[in-house]
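Here's a sequence, model it:
(one chain, ligands or ions: 2)
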Amino acid sequence: NVTKEFVRGIPKAELHLHLEGTLEPELKLALAEKNKIDIGQTTIEEVRKSYQFDSLPSFLNVYYPAMNVLQDEEDFYQLAMAYFEKVQAHNVRYAELFFDPQAHTTRGVPFETVINGYYRAIQESEKFGVQSALIMCFLRDMSAESAEETFEQALPYQDKILGIGLDSDEKGNPPSKFAAVFKKAKAAGFKITMHCDIDQENSIEHIRQVIEDIQVDRIDHGTNIVESPALTQYAKEHGIGLTSCPVSNGFVVDDMKGKEILQLLHEGVKVTVNSDDPAYFQSYISDDYFTLSEAYGLTPEDIVTLAKNSFEIAWIPAEQKATYL
Ligand code: ADE
Ligand code: ZN
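Numbering: from 1, shown residues only. Ligands and ions are numbered 1, 2, ... in the order given. Predicted coordinates:
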């Protein structure tokens, strides 16, 4: 049977993790003090008490203001290093990490401050037994023009960014809104992924757009794909991976979507388990595997397949995958 130790012990890749979502209350308070930022809370308990959300927008309303404490390069470096240090115990061997430059540039923090801080940490993650890479996300509730500007800012740093993603509030912000900039990103050689959050308006149409029109390499969340046998079959045949986040789902839609995750897993779709925003959902990746397992009765084989999938859909060369599998 599946124990916490078993789940922790399995080598795994984390493919859906927002670096800004790893900001633990302790670091938040320390940076607030260092940078003299009033975040309206002064104790861990007060910070934790503010973590009340029952939907994606209510989560984002807590998530973005907290980022004000991130000011200089060292802050971004420290945030990412704290994540690597933490997931050592979870046997994360490889991680592709999202970051949201617009959440910082819009409040006056230069793009280069963000990328230089995060990239320095990425280069040092090996110290904690983790290889890692960065995925830059556009905020979909901002304009397509703003995404284009951000893309231009990123081009000089292309060697430091593996892929491009799309996150934030999906309501009214379909993938098609960003078709032009993602076409450019693909042509420039970036890997492409997009969030198709759980139970959104037009969920299946958004999933259809990312697969057929944008031609993504992966989909973040995306488990509503089970509603379309044709799209599910397409994802299976083309090895399009889904990065699901059961504990995060539990917070934002009150349903871990374990039934859908297991259905996809057993149908042979490359679905994975990830932590999304672990500091906010108080669940690092092994906890996600274990919580899902307890609630839905996963077998050890299910856990192993989920972990294998995480390396198979990682954006690393086949030779490198072989060393993990
Ligand atoms: N940014 C951080 N977490 C997110 C999520 N689960 N969905 C969309 N945007 C996010
Ligand atoms: Zn996410």
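
looking at this structure, which residue lies furthest from center?
Distance from the C-alpha centroid of the chain peaks at K36, with 29.0 Å (C-alpha atoms, centre = their mean).

residues from the stretch 51-200 of the chain in reach of ligand 1?
Within the stretch 51-200 of the chain, the positions near ligand 1 by C-beta under 6 Å from any ligand atom are L56, D167, S168, H195, D197. For every residue, glycine as well, the C-beta is placed using N, CA and C.

quick one: the residue farthest from the centre of the chain is in a strand?
No - counting by DSSP: H, G, I helix; E, B strand; the rest coil, K36 is not found in a strand; it is coil.

Pull the contacting residues for whichever residue of the chain sits closest to ligand 1.
Closest approach between the chain and ligand 1, counting by C-beta to the nearest ligand atom: D167, at 3.5 Å. Counting by C-beta atoms under 8 Å, 6 or more residues apart in numbering, D167 touches H18, F98, D100, C137, F138, L139, R140, H195, D220.

Turn the residues you listed into TSV, including neighbour count.
Below are these laid out as TSV (neighbours: other C-beta atoms under 10 Å):
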residue	neighbour count
H18	25
F98	25
D100	24
C137	25
F138	28
L139	21
R140	24
H195	26
D220	27
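
Mind putting the residues you listed into CSV with pLDDT and secondary structure?
CSV is the format used below for these (pLDDT from 0 to 100; DSSP: H, G, I helix; E, B strand; the rest coil):
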residue, pLDDT, secondary structure
H18, 98, strand
F98, 99, strand
D100, 98, coil
C137, 99, strand
F138, 99, strand
L139, 98, strand
R140, 98, coil
H195, 98, strand
D220, 99, strand
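
And the residues you listed, which is closest to N173?
Nearest to N173 among the contacts of D167: R140, at 4.0 Å, using C-beta to C-beta.

Can you classify the residue lying closest to the closest one once chain neighbours are set aside by secondary structure?
Spatial nearest neighbour of R140, excluding adjacent residues (C-beta to C-beta, 6 or more residues apart in numbering): N173 at 4.0 Å. Of the three states, N173 takes coil under three-state DSSP.

my read: N173 touches D141, true?
Yes - contact status for N173 versus D141: in contact at 5.6 Å, counting by C-beta atoms under 8 Å.

What segments of the stretch 51-200 of the chain are strands?
With DSSP state E, counting those that start in this stretch, the ranges of strands along the stretch 51-200 of the chain come out as 92-99, 131-139, 163-167, 191-196.

can I get those strands in a markdown table with distance to S244?
Converted to a markdown table, the strands of the stretch 51-200 of the chain look like this (distance: least, C-beta to C-beta, whole Å):
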| stretch | distance to S244 |
| --- | --- |
| strand 92-99 | 15 |
| strand 131-139 | 16 |
| strand 163-167 | 15 |
| strand 191-196 | 11 |
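
pLDDT check: weakest of the residues of the stretch 51-200 of the chain next to ligand 1?
Across these, the smallest pLDDT goes to L56, namely 93.

does that one really touch N173, like I thought?
No - counting by C-beta under 8 Å, N173 is not a contact partner of L56; they are 11.4 Å apart.

Of those two, give the one with the bigger neighbour count.
For L56 versus N173, neighbours defined as other C-beta atoms under 10 Å are more numerous around L56 (23 against 19).

how far away is that one from V62?
From L56 across to V62, the span is 11 Å (C-beta to C-beta, to the nearest Å).

Kindly report the same for Y77.
Here Y77 is placed at a distance of 24 Å from V62 (C-beta to C-beta).

Those two: which is more packed in?
Shown here are Y77 and V62; by other C-beta under 10 Å, Y77 has more neighbours (18 against 14).

Leaving out chain neighbours, which residue sits closest to the more buried one?
G117 (4.2 Å).

Give the burial count for the one you found, as a bare number.
A count of nearby residues for G117, using other C-beta under 10 Å, gives 25.

Surely it and M81 touch.
No - G117 lies out of contact with M81 (C-beta under 8 Å); the separation is 9.6 Å.

Look up the closest residue to A188, ignoring the ones flanking it.
Q158 (6.9 Å).

That neighbour: how many residues sit nearby?
Neighbours of Q158 using other C-beta under 10 Å come to 11.

now G239, what's its secondary structure?
At G239 the chain is in coil, as set by three-state DSSP.

isn't it right next to V271, touching?
No - G239 lies out of contact with V271 (C-beta under 8 Å); the separation is 11.7 Å.

if you count what's nearby, which of the two comes out ahead?
More crowded of G239 and V271, by other C-beta under 10 Å: V271, with 27 against 13.
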